[in-house]
Every structure is written in structure tokens, then in C-alpha cells.
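Undergrad: all I have is the shape, not the residue letters:
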């Protein structure tokens, strides 16, 4: 009984700190060719997919783990990780939601996504990922009517090989950096979306990620292709149960926008950040990259990063098509011992391309936050424009806020403007709010929300509410 | 290169009277350099300017030994007219003249440090190279309360006698309490394809003022690297102005440590380059205690296929509350081939600070040109007017009127 009480106490701090007890099917620990064959086999993958993985693994063996980033972490033993785990009861896919393991459903309830209800009430299709195997995909029928393909990537490999073959690895090549290549070799599942020509996706596509089994690095792979003249808005939201050991998450997200297409990708990331002393927490090393392949295409990234012990990611846009547009809106909040090194890359290749970067960083406690970004206007990108604004807010003198922008302009007819400021919440503002009856904590929440407003506005309704709350919750205990 | 280095090093040592221990120390630096080699793009600080490649491409094999036994004739006609000044003259790296005629002799002390090895606050490979090969180094001390009546001009002259040489220079300055010094570094080269590696160290005591002007205006085909370390005590002020224009490659590095309260540092610079030139300014301002201030303004005008790089960093440690840091870089690209790279960086660990930076690059504003042309100027005149106005902004930041005029005349800006 005592133990149980202790456990509950431990979990109290973190709203989503719980694990579901489901037996896992696991591949043995370690990383080698056999494991990759095992993953490929269990997923019943065709030969070309296995070749893709093996090629990536060959390359991976030659790569060195990067060490230029600001947040340092203890060395990861890649042979000591499980690369595949699936809930056992998933072996035979359920025909409908009622067939699901009741424990699974309970987990989703705690997360706030009751599937049955959602299917009826909400206009959101949910492709929920529980560890590595997709559990259920709803609303598929309605999407199918429009010709939209939205399914787990493992299914896409089976049913739409021509699309996957064409676009997988076209934005993040096999030979990319260490973590991206690792993902290419061992990715287990993720989402695939294809929006056909001229279709405006009628609902927001959404995935909830869950990391469950301890010691399982989760290697997600997401591929979204927007064909000519189409539009899609994709939501990604993350919560993870509480774990003591650090968990690695190295996902790859690839976006491809063809002529006149638009992709809007929004993320709220609230994974377990570790406890107050910096013990535990998720390593979030994600590669996200969008390619504006066609003319007049647009890719827009919006992210709210409040969780993870270490966040290390740079959602990027390659503006290849003429007149294409890239946008990046980010809020990153670090508290306690969290560390974040995040930003974006805007690579201008086509003529008349435009990009906009708005980044808001807030650090409190003993945390450390870095904005790192690249704006590169190549000599062919005539008449291109970039505007960058990075603001940092510091709370206390034990945290750090850093800005490291790289700005390269090789075209005399293009303009780049960059601004950055660092400040703290002024006493006057606090005083003003408190005078009107707000507590110190509420006042800070209000001011910070105002500071982030520009980015919060970019989020779809469903996320904006959650994100606003998150901003307040993340900074709890940082005042006074 | 290794054998060349060893041989040149032995020759250099032979001409110096060093104790066995000092030779050991110099050897240590030489080995360090041999290990590291010239910096290349894999090093973050040299990401935009691969010195190893630049030397290979422009010079090829370097030789590191210079014969300093014979004197060079000082050409007085090269001296700056119309401005009375003290002089230090370097010809081909050899110090030919030190002249403080305008100052009280007992207020300035010149110490020959050639035979003592002093540590430098830098562990880059170029610092190692400099430590291994400098053969004359002086320390100039300005005594307490003394303010030099005239500026000091350091002439860095090279002539066609040298070719493919590496020249290493080192000077130390110490400004005592309440003293002040105006310093102009003036480069005049008729030589080609040499690599100058210059290290300055400034020690600013309480209330002292340093005005540090670096003028590289005259066309030449040399490669230059200059490192300035400035240590600042309470209430001291340092002002640095860089005109980066003449050399084929030039990198100025300013490292400023604001150690005392109420100290302030100003760094302003102009890139005005053409052809294939590649210039860089890198600044690091370390705010290490409360109530310090820094201000930086860098403007570039880039013609032909020239390339300018600005890497500026403001560091604020957790003790340095009430820091005020500002940094702005602007560039005009006049040609399709020209390129501007910037990395303005903030690293901040204190919350009660005001730090900001801005960076902008682009073409000349066509609307402004149209405005001027509609008032009767031709295209060329309008363009020149705009560029001059753009650069004048930086020149106006120079606080010393005499030097300001000198530099205005030099770059041909009229008000």
C-alpha cells in the first residue's frame, strides 16, 4: 500500500504521468541488420522498403553523432535500446473501436481524446499512435470520399507504394544527419497523408503521439504530400507518461507541397520534461523539413514546445518553387532543468520566395534556451524576402537565453531583416496586473500569453485553447 | 609545411637571445601550431572564411622566417599630413621607429618584451603561430593620469622586398588610471601575397579611455588577421573603429572583457570592398559584471564579387545584471555576385538586461534613387549620395574630431 501511495505522489506533478499496463511485443535490444530485417518483416514490407532501410543503416554506421548543439546530454548507447515494441493485443488488427483493448481506450480518455466521441462529435480524424503501431484511424471514409489518403505509413507502404516510393526520403535524404538516418533505418510507424489535386481537406488531420514502453526509442515517420492546388492543416500533439529513464525520440517529418498547394503543420509538444531536479525526461531530437516543390506553394510551421528534457529540432522550409512561401512560428518554454535548442532554416532557391520567422523563447528556473536559425538566400533567388524576429524572455538569473542566427545573402536583389531582443517582465507590468487583483502567477501567465500572442494566433482553434493553458502550466512555480 | 616551419623556427631562434626555458616555451607553441594548422571552415569561428584555403589559393607556400638584421629606410613622405602625431613604424614587420616626440617622456614607458614570453588570452592556432615566431614585442605603458596630447599612429608598411612571407607582430598596451590614448593603425602595402598576423592586447585600468582606429584603406594583395583583446576595468571606455577595405583578405577580431562596473565598449565598422575581396569582422563582447554597456554598428557596401562576414557575439553572464547591449549590422549588395553573411549572436544568463540585435541586407533602395533623380541628380550621383550617407552614419560615431576628419578625407566623404 505504501508503495502505491508513493507512486501516486510521484505522478502527481505531471498531469499526464501514467503508464498503461499492456504486454509488449518487443524486438530484442540492440541495433543491427537483423533487427532491421525483423522490423521490416513484422510489418510485412516489400523488398524495396527493406533495401531503403538497409541502405540507411549502412550510411548510419559511417556517421558520427553531432556535438555542436548547446544542450549536452549523456552519451546514448544505441545498442541498449529497443527498436521495436508493439502492444500485444494489436497483433490482429481490431475491426472497429469496440474491439480495442479497454486499457488502451482508458489511456486515450486520460489524454482527452475519447475516440468514439470524437468520431461522432468532432470534425477531426485521429490517427492515434500508441508506441509503434497505429491503433485506429477514424473518419477515413469521409476522407476517402474526397480522395484523401490518411493512414499509418506502414499501410501506405502496402497500399500506395508508388506514392511512398516517390516521396519518402525526397526531402530528408537517406544520407542526411545522424538522427535522421537512424530514423530512416529503424522507423516503425507514423502517418501518411496525400491530398489530391485541387482538394481542400475538409478537416484538420491530427495525430496524438504516445510514448509508452520504457526504454523504447520511438522513431516516427510522417510524410505529407499536398498535390497541386490542395490545402491541408495537420495537427500533432504529444504527451508522454512519466518515466525515470531518458527516452530518445528521433522522428522524421517530411512535407511536400506541389504547385499552388499549402500545408499548415502545427505542433503542441508536452512530453515529460523530467522532474524538478532534471532527472528523467524525453530527448526530443526531431528532423522536420518541408519542401515547397511547386510554384506558389506554401508551408507553414507552428510549434508550441513546452515539454521534453531536451528539445533539439529545426523545422525547415526549402523554397524551391518560384513565389513559394515559408513560415515558422514558435513558442518555446523551458523551466526547471529543461533545455531547448530550436529554430528553423529557410533555404531560398526559387525566385520571389518569401519567408517569415517569429520565435518567442521563455526560460525560467535553471533552464537553457537557444534559438538557432539559418536564412540562406542563394544567388538565383532573385527578389526574395525574409523577415525574422526572435524575442526572449528571462525569468531569474539562473537560466539562459541565446540567439544564434546564421544569415547568408548571396543575392543583391533580395532583402533580409533580422531582429532580436532579450528582456524580462517589467515590474510595472506585474504591478499593474497585481493591483487589479491578479496573483503574481496569474499576472505572469497573462503577460507571457501576451508576449506569445503572435504565435498563438497562428494555431488552429482546437490547439489554441490547449496551448494557452499549457503556457500558464509550464511556468508554474517560476515566480517569486 | 611542417619541415618549413621547423627550419624557419630554428633560424628565427638563432637571431634571438633567449634562455633555454623560453626556447622550450616557444617550441611548445610551435608544436601546437603544427598540430592545429591554419584554421579552416570546420571551426565555428572560421565557418565563413576558410583561412587555410584562402592562404593556399592566394599565396601557396608560406615562409615564416624574416631576416631582421638589416634596417629599412623610413619613408617620411608616407606619413599622414596635416595631423601632428606620435609614430611607431613597422616596415616588413621590423620595428624601425618609435617616436613619442609630442609627449612628456616620463609619462610613457616603452618596455621591450622581446625576450620574455607573455601569455596571451587566446588559444587559437594563430595565437600559437604568433607566440612561436614574434621576435620583437613591446609594451607601451601610459602612466596614471596622463592623457596623450597627440594621437599615436602605427604604420604597418610592407614593400616589394618580401613575398610569400608570414609576418607576426605583437604589441601590449597598458593604460593606467585616468589615462587616455588615441591609436590609429594604418596599413600601407606595396607588397603582395603575404600573411600578416597581428596581436594586440590592451589593459584598461579605472577611468581610462582607449580610442582604437584601424584603417586598412589602400589597395593591396595581402592577407591580414588582427586580434585585439581589450580588458576593461571600472568606468573605462573603449572605442574601436574599423575601416575594412584595402586588403585581399582581412579579418579583424575584437574580444572585449568588461570586467569592471560602468565600463563600456563601442565597436563600429565599415566594409567597403570590391573585386574578389573577402573581409570579416568578428566581435565578442563579454559583459562580466553589473552595469556595463556595449554598442556595435557595422555597415557594409559590397561591389563586384566581394564578400563580407560579420560575426558578433554579446555574452552576458549571470552576475551582469543591468547590462545594456546593442548590435546592428546593415549591408548593401551592389552586385549580383556579392555576398553578405552574418551571425549576430546573443548568449545571456542574466534576466535584468536590455539586449538586442538587428541585421539587414539588401539592395539600394530604388525609391530613394528615383527621388534623388527626380530632383536633378543623375543615376551615378544619386547612388553615390545614398552610399555615402549610409556609411557616414558609422563615421559620425567616431568621437575624436581630428581622426574623424582624417577618415572622412580618406574615404572621400564630404558632408
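TA: Looks like it came in fine. As the structure is a computational prediction, the values presented were derived from the model and not from experiment.
Undergrad: need the pLDDT of residue A:175.
TA: Residue A:175 carries a pLDDT value of 86.
Undergrad: ignore the last one, residue A:110
TA: On the pLDDT scale, residue A:110 gets 51.
Undergrad: quick one: low-confidence ranges for the stretch 151-300 of chain A?
TA: Applying pLDDT under 70 to the stretch 151-300 of chain A flags residues A:207-217, A:238-246.
Undergrad: look up the closest residue to the residue of it found nearest chain B, ignoring the ones flanking it.
TA: Nearest residue of the stretch 151-300 of chain A to chain B: residue A:177, at 15.5 Å (Cβ to the nearest Cβ). The C-beta positions use only the backbone N, C-alpha and C, and glycine is treated the same way. Closest residue to residue A:177 apart from its sequence neighbours, by Cβ to Cβ, 6 or more residues apart in numbering or on different chains: residue A:66 at 6.5 Å.
Undergrad: torsion angles phi and psi at that neighbour?
TA: phi -70, psi 150 (degrees, to the nearest 10).
Undergrad: ditto for residue B:212
TA: Per degrees, to the nearest 10, the backbone of residue B:212 is at phi -120, psi 110.
Undergrad: what distance do you get for it to residue A:61?
TA: 52 Å (Cβ to Cβ, to the nearest Å).
Undergrad: with residue A:468 instead?
TA: From residue A:468 to residue A:61 the distance is 45 Å (Cβ to Cβ).
Undergrad: higher neighbour count, those two?
TA: A direct count of neighbours by other Cβ atoms under 10 Å in any protein chain shown for residue A:468 and residue A:61 places residue A:468 higher, at 18 against 10.
Undergrad: for the stretch 251-400 of chain A, which segments count as strands?
TA: Along the stretch 251-400 of chain A, counting by DSSP state E, counting those that start in this stretch, strands occupy A:252-257, A:262-270, A:282-292, A:298-305, A:310-313, A:316-319, A:325-334, A:339-342, A:345-348, A:354-363, A:368-377, A:385-394, A:400-409.
Undergrad: kindly reformat the ones you listed as TSV containing mean neighbour count and distance to residue A:418.
TA: Below are the strands of the stretch 251-400 of chain A laid out as TSV (neighbours: other Cβ atoms under 10 Å in any protein chain shown; distance: least, Cβ to Cβ, whole Å):
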stretch	mean neighbour count	distance to residue A:418
strand A:252-257	27	25
strand A:262-270	23	23
strand A:282-292	26	21
strand A:298-305	26	18
strand A:310-313	25	21
strand A:316-319	27	16
strand A:325-334	26	13
strand A:339-342	24	17
strand A:345-348	25	11
strand A:354-363	24	9
strand A:368-377	24	7
strand A:385-394	22	4
strand A:400-409	25	6
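Undergrad: with distance to chain B as extra columns, can I get these in JSON lines?
TA: Shown next, in JSON lines, are those (distance: least, Cβ to the nearest Cβ, whole Å):
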{"stretch": "strand A:252-257", "distance to chain B": "26"}
{"stretch": "strand A:262-270", "distance to chain B": "24"}
{"stretch": "strand A:282-292", "distance to chain B": "20"}
{"stretch": "strand A:298-305", "distance to chain B": "19"}
{"stretch": "strand A:310-313", "distance to chain B": "17"}
{"stretch": "strand A:316-319", "distance to chain B": "17"}
{"stretch": "strand A:325-334", "distance to chain B": "13"}
{"stretch": "strand A:339-342", "distance to chain B": "12"}
{"stretch": "strand A:345-348", "distance to chain B": "13"}
{"stretch": "strand A:354-363", "distance to chain B": "9"}
{"stretch": "strand A:368-377", "distance to chain B": "9"}
{"stretch": "strand A:385-394", "distance to chain B": "4"}
{"stretch": "strand A:400-409", "distance to chain B": "4"}
